[in-house]
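[1] my questions concern the predicted model and sequence given below.
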Amino acid sequence: MRVAVVTDSAAGFAPGWSAPGGMADGVRVVAMPVLVGDDILTGEHDDVTAPLMVALAAGSDVRTSRPSPGQFERVYERLAQEGHDGVVSVHLSGLLSGTVESARLAASRAAIPVEVIDTRTAGMAQGRAALAALAAARAGADLQAAAAAAAMAARTSALYFYVPSVEQLRRGGRVTAAAGWLGTLLSVRVILHVQGGRLVPLERMRSAAKGIQRLQELVEADVSGRDSGVQLTVHHFGNEDEAAGLAERLRDVAGPGSVTTAPCPSVLAAHAGLGVVAVTVSALRTPGFPTG
């Protein structure tokens, strides 16, 4: 059975990973639009980073939108024409975006079976789930087994954020009135994590240095509490040097070759704002499935 894997750009693959021979080569990525004023940005990395940084720094209107069902329909149709027998479609938390609903609608119309996975997470926690499905498919897994590999990888992952200001999150409705302990200080620095598919505030911080230090401590505690090895990705937006320093320190805990850095996916950066640092923690191996 030929099983294909699809995800969206919230997966946060690093530049070059989707190129031929790259780690994510074989995963089809559907772009999630970022709206800056009247402009629609649909790429990643160099195509989006500079204009999005300028817009966020200027306080311009920045929004995001889910891909249309038609975008997914065209991808699924193309995969069917290429001879695939099924698709595992792995997506950003449905509580943060309607992307998974667009994928489900398209799946109901597809010529081949499509298993849609709501990862209940984002960034490389989502990306690792897509890679787990790809590895399982390449090892000969059928559609249901490859989908189970993605779901397991997502369930065993964690995602932590340091955000210098919650203003952009509030504008986009990603931090709600339920987080009333944030108070009225829009410039407050916070640590958040993804819990049950939602962004949940953990702690308020008084300085950027303490925020990054606390983020490191939380990740280290997560890693030390696991029975097996992990893969970490440090996402950044507008602060690559800071993220690189954090990644280097985390290697002391996670081990050589276990920590990578990547720009924050634009659809997440649009809500988290400039200066965000996020760390994903994923199991080194998806239980019960080979990784390549």
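    Cool, got the structure. Numbers count the residues shown, from 1 in each chain.

[2] phi and psi next, for the residue nearest the centre of the chain.
    Using C-alpha atoms, centre = their mean, the residue of the chain that lies closest to the mean C-alpha position is G123, 1.4 Å off. Here the main-chain torsion angles of G123 (degrees, to the nearest 10) amount to phi 60, psi -150.

[3] how about the closest residue to it other than its chain neighbours, what does it touch?
    Closest residue in space to G123, ignoring its immediate chain neighbours: G12 at 4.3 Å, by C-beta to C-beta, 6 or more residues apart in numbering. Heads up, the C-betas are built off the backbone N, CA and C, glycines and all. G12 makes contact with 122-124, 126-127, 233, 235, 262-265, 268, 280, according to C-beta atoms under 8 Å, 6 or more residues apart in numbering.

[4] for G12, give me the pLDDT.
    If you check G12, the pLDDT there is 93.

[5] give the helix, strand or coil label for the nearest residue to V277 once chain neighbours are set aside.
    Ranked by C-beta to C-beta, 6+ apart and with sequence neighbours excluded, the top spatial neighbour of V277 is Y162, at 4.6 Å. With DSSP: H, G, I helix; E, B strand; the rest coil as the basis, Y162 sits in strand.

[6] for Y162, the count of nearby residues, please.
    Close neighbours of Y162, defined as other C-beta atoms under 10 Å, add up to 29.

[7] correct me, but it touches P201?
    No: between Y162 and P201 there is no contact under C-beta atoms under 8 Å: 11.6 Å.

[8] any common contacting residues for these two?
    Listed as contacting both Y162 and P201 by C-beta under 8 Å, 6+ apart are V190, I191.

[9] doesn't T7 belong to a strand?
    Yes: under three-state DSSP, T7 falls within a strand.

[10] what about the nearest residue to it once chain neighbours are set aside, how many neighbours?
    Computed as C-beta to C-beta, 6+ apart, the closest residue to T7 that is not its neighbour in sequence is A130, at 4.2 Å. A130 is flanked by 30 other residues according to other C-beta under 10 Å.

[11] on the three-state scheme, A130 is what?
    Three-state call for A130 (three-state DSSP): helix.

[12] just to revisit the earlier point, from D61, how far out is the residue nearest to the centre of the chain?
    Computed as C-beta to C-beta, to the nearest Å, the G123 to D61 distance reads 24 Å.

[13] now the helices for the chain?
    For the chain, the helices defined by DSSP state H cover 49-58, 69-81, 99-107, 123-138, 143-155, 167-171, 208-224, 240-254, 266-272.

[14] could you check the first one and say which residues are buried?
    Residues of helix 49-58 classed as buried: T49, P51, L52, A55, L56 (neighbour count, 16 or more other C-beta atoms under 10 Å).

[15] helices or strands up against it?
    Contact partners of helix 49-58 among helices and strands, from 3 or more C-beta pairs under 8 Å, 6 or more residues apart in numbering; DSSP states H and E: strand 34-36, strand 39-41, strand 62-64, helix 266-272.

[16] okay, S165 and R189: tell me how far apart.
    With C-beta to C-beta as the criterion, S165 and R189 are 7 Å apart.

[17] ok, the two, which is more surrounded?
    Counted by other C-beta under 10 Å, S165 and R189 do not tie: R189 has more neighbours, with 21 against 18.

[18] for the more buried one, give the beta-bridge partners.
    R189 has these beta-bridge partners by DSSP bridges: M205.

[19] can I see the domain layout of this structure?
    Structural domains annotated on the chain: 3-31+67-155, 158-283, as defined by automatic domain parsing.

[20] quick one: buried ones out of the contacts of G12?
    Buried by 16+ other C-beta under 10 Å: 122-124, 126-127, 233, 235, 262-265, 268, 280, out of these.

[21] can you list the residues you listed in CSV and add distance to Q216 and pLDDT?
    Compiled in CSV, those are given as follows (distance: C-beta to C-beta, whole Å; pLDDT from 0 to 100):
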residue, distance to Q216, pLDDT
A122, 20, 97
G123, 17, 97
M124, 17, 97
Q126, 22, 98
G127, 21, 97
T233, 14, 97
H235, 14, 97
A262, 18, 95
P263, 20, 93
C264, 17, 93
P265, 21, 92
L268, 20, 91
T280, 14, 97
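
[22] of the residues you listed, which is the nearest to A254?
    Nearest to A254 out of these is T233 (C-beta to C-beta; 10.8 Å).

[23] now tell me which helix or strand of the chain has the poorest mean pLDDT.
    For the chain, using mean pLDDT, DSSP states H and E, the weakest element among its helices and strands is helix 167-171, scoring a mean of 68.
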